[in-house]
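*Asks:* need a 3D model of the following:
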Amino acid sequence: MDITQLILDDHAEQRRLFAIIEQIDPKDTEALTAVWSRLSAFLDVHAEAEERFFYPELLKRGEGANDAEDGTVEGETEDAIEDHNKLRDAVKAVDQYPVGTGAWIEAVGKANVVNSKHMGEEERQGLTDFRRHAPVARRHELAVQFAAFEAEHITGVKPVNKDPEAYIEAHG
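*Replies:* Next up is the predicted model:
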């Protein structure tokens, strides 16, 4: 078990849930509500788990990979925390609209865009960086903690935006 693979698996599930929403008739508000509730909770729990277990360790071991912001691990981490904040805000924005309306569908689409951009960057940057610099045994230890946290918080966590610079200072 490897935390980088668990994160990739979560990304695949997030993509799957967004795709399911796209295929539900907008009039089926019960199904849309159920799937969106699951997806929005999952997005929050996933981001929190990364911030607790993955990014602090990445800051200790990483060097910056591929197109990392300013070429550093601090840059790629700061960008990721900012992305998580943008995603939390996008998820919250969905709840401003009645389920199934055009505005709701558009807001879900915006959340999907924010999330997709973040996942792509994270997969090229932080995950690559971590696989290059963290020993397999440490990746396994973090995977256990990550999986346990997600299981314990299956119904969600309180979404709290974080100051990226303060986060790096606290964990770097």
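*Asks:* please count neighbours and contacts with C-alpha atoms only from this point.
*Replies:* OK.
*Asks:* what's the residue lying farthest from the centre of the chain sitting at in phi/psi?
*Replies:* Going by C-alpha atoms, centre = their mean, the residue of the chain most distant from its centre is Lys27, 28.6 Å out. Phi and psi for Lys27, reported as degrees, to the nearest 10, are phi -80, psi -20.
*Asks:* who touches it in this structure?
*Replies:* Lys27 makes contact with Gly100 under the criterion C-alpha atoms under 8 Å, 6 or more residues apart in numbering.
*Asks:* do Asp2 as well
*Replies:* Asp2 neighbours (C-alpha under 8 Å, 6+ apart): Val136, Arg139, His140, Leu142, Ala143.
*Asks:* what confidence value was assigned to the residue nearest the centre of the chain?
*Replies:* By C-alpha atoms, centre = their mean, the mean C-alpha position of the chain lies nearest to Ala47, the distance being 4.1 Å. Looking at Ala47, its pLDDT is 97.
*Asks:* also Asn66?
*Replies:* In this model, Asn66 is scored at 68, pLDDT.
*Asks:* and the residue farthest from the centre of the chain, how far is that from Ala41?
*Replies:* According to C-alpha to C-alpha, to the nearest Å, Lys27 and Ala41 sit 22 Å apart.
*Asks:* quick check: next helix or strand after the stretch of helix or strand Ile7 belongs to?
*Replies:* Following DSSP states H and E, one finds Ile7 within helix 3-22. Next in sequence after helix 3-22, counting helices and strands by DSSP H and E, comes helix 29-49.
*Asks:* and that next one, what's buried?
*Replies:* Applying a neighbour-count criterion of 16 or more other C-alpha atoms under 10 Å, one finds 31-32, 35-36, 38-49 buried in helix 29-49.
*Asks:* who are the packing partners of it?
*Replies:* helix 3-22, helix 73-94, helix 136-152 (3 or more C-alpha pairs under 8 Å, 6 or more residues apart in numbering; DSSP states H and E).
*Asks:* nearest to Lys117, of those helices?
*Replies:* helix 73-94 (8.6 Å; C-alpha to C-alpha).
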